[in-house]
Every structure is written in structure tokens, then in C-alpha cells.
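Peer 1: Pasting a predicted model and its sequence here:
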Amino acid sequence: MSSAGTPDVTKAHEVGETVIVEETGGGRFQAQVTSGSSTFLVDEPVSQGGLGSGPNPYDLLSAALGACTAMTIRLYAEHKKWPVTHVRVNVTHHRQTLAARDVFSREIVVDGPLDAEQKAKILEMAERCPVHVTLDRGSDVRTTLVHNPGGEATSLGEHMKTMTEATQA
């Protein structure tokens, strides 16, 4: 908050890239996600009224944690020149009620002849993966409702803006 008691306004493109999520019109919940040059569908399972055409939002959170954990372990193992041949991370999301604290259970499988000290360091690195740290400390979410009568895109993110500018020449 500013000293005047109004929220501080931070432009979304100042830090990070913008991910665009937009309804497809195919089913109640199906949405298309665009992140950089990647596009994929997000949905709810058929049992919950969706088409089952993609992961649900909590699957994506679990995937972010698992992917970041695997990447962090891989990067650390390469830096240390450790004989890690394969990394797999299983993540399960649990929550009893909306008011309860979420729990992400993470199982890490690392193939390679590591000793006990190296395995302990792998676990330490998992705790330090950036997505783990983000989930552990919590985040601030700032939301703005944008009037968009024409239905055109409202935010492209810095990378997309510069690519669009480059292609206009």
C-alpha cells in the first residue's frame, strides 16, 4: 500500500512473462493457455462437468512444482558432475476444505549411484527449487478488471510485444 492508503500498482510486464488463459467455448470449463510459443488446454474432468481435455488448475500447480524440482535437481547434479541418470518427481495435491492449508506431497526418484551425503543434498536442493519457495512463502495476487468491449487481447507481455514490433518492419 502507498502512504495514501491506496494499493501500489505494479505493471504485470515489469517482472516475468504474461501467460494468457482464454475460454475456448468448447465445454463449460475448457480454456486455452498461451505461454510464449506454447499452447495447451486446461479443463476439468468429465466427472466435474468438463470435457477432460487437459489438466485442471491444481494439476498445473503440481506440475509446476514437480517440473521445477526436477530441473533444479538436474542443474545441481550437472554442476556437481554427479552421476544422475534420470529424475522423476511425483506430486499429489491435498486439501480438506477451501479454508484449510494446501499440502503438496512430493516423491523424488533419482537414478544413479549416489551416496547418502549426495542424496541429502538432493533433498536440500528440492526444498530450494523456486516454485517450492514460492508456494512455501505464499504470494501476493493483484487483480485488475479491464473493460474490453471489442474482445481484443489486452495484454501480450514484454516478449510478445517486442516480437510483434519486430515483425511490423
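Peer 2: All right, it came through fine.
Peer 1: Need the three-state assignment for the residue nearest the centre of the chain.
Peer 2: Closest residue to the average C-alpha location of the chain: residue 64 at 4.3 Å, with CA atoms, centre = their mean. Following DSSP: H, G, I helix; E, B strand; the rest coil, residue 64 is assigned to helix.
Peer 1: could you pull out the helices for this protein?
Peer 2: 57-80, 116-127, 130-137, 157-167 (DSSP state H).
Peer 1: now those helices as CSV including distance to residue 87?
Peer 2: For every residue, glycine as well, the C-beta is placed using N, CA and C. Listed next are those as CSV, based on distance: least, CB to CB, whole Å:
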stretch, distance to residue 87
helix 57-80, 5
helix 116-127, 9
helix 130-137, 15
helix 157-167, 28
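Peer 1: hey, least reliable of these by pLDDT?
Peer 2: Lowest mean pLDDT within the helices of the chain: helix 157-167, a mean of 53.
Peer 1: now stretch 97-110: how far from the chain's centre is it?
Peer 2: When distances are taken as CA atoms, centre = their mean, to the nearest Å, stretch 97-110 is centred 15 Å away from the chain's centroid.
Peer 1: contacts for it?
Peer 2: 61-62, 65-66, 69, 73, 77, 84, 86-95, 119, 122-123, 126, 135 (CB atoms under 8 Å, 6 or more residues apart in numbering).
Peer 1: Output it as CSV, restricted to C-alpha atoms.
Peer 2: What follows is stretch 97-110 as a C-alpha-only set of coordinates in CSV (Å, rounded to 0.1, in the frame of the first residue of the first chain):
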residue,chain,number,x,y,z
THR,A,97,-11.6,-27.6,2.7
LEU,A,98,-11.3,-24.3,1.0
ALA,A,99,-10.2,-22.8,4.3
ALA,A,100,-7.6,-25.5,5.0
ARG,A,101,-4.0,-25.1,4.1
ASP,A,102,-3.0,-26.9,0.9
VAL,A,103,-0.5,-29.8,1.0
PHE,A,104,1.6,-30.9,-1.9
SER,A,105,3.2,-34.3,-1.3
ARG,A,106,6.3,-34.7,-3.4
GLU,A,107,8.2,-38.0,-4.0
ILE,A,108,11.5,-37.7,-5.8
VAL,A,109,13.1,-40.6,-7.6
VAL,A,110,16.7,-40.1,-8.6
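Peer 1: going forward can the numbers begin at 26, since that is how I track them
Peer 2: Noted, 26 is the first residue going forward, which turns the last one into stretch 122-135.
Peer 1: filter the contacts of stretch 122-135 to the buried ones?
Peer 2: By neighbour count, with 16 or more other CB atoms under 10 Å, these hold 86-87, 90-91, 94, 98, 102, 109, 112, 114, 116, 147, 151, 160 as buried.
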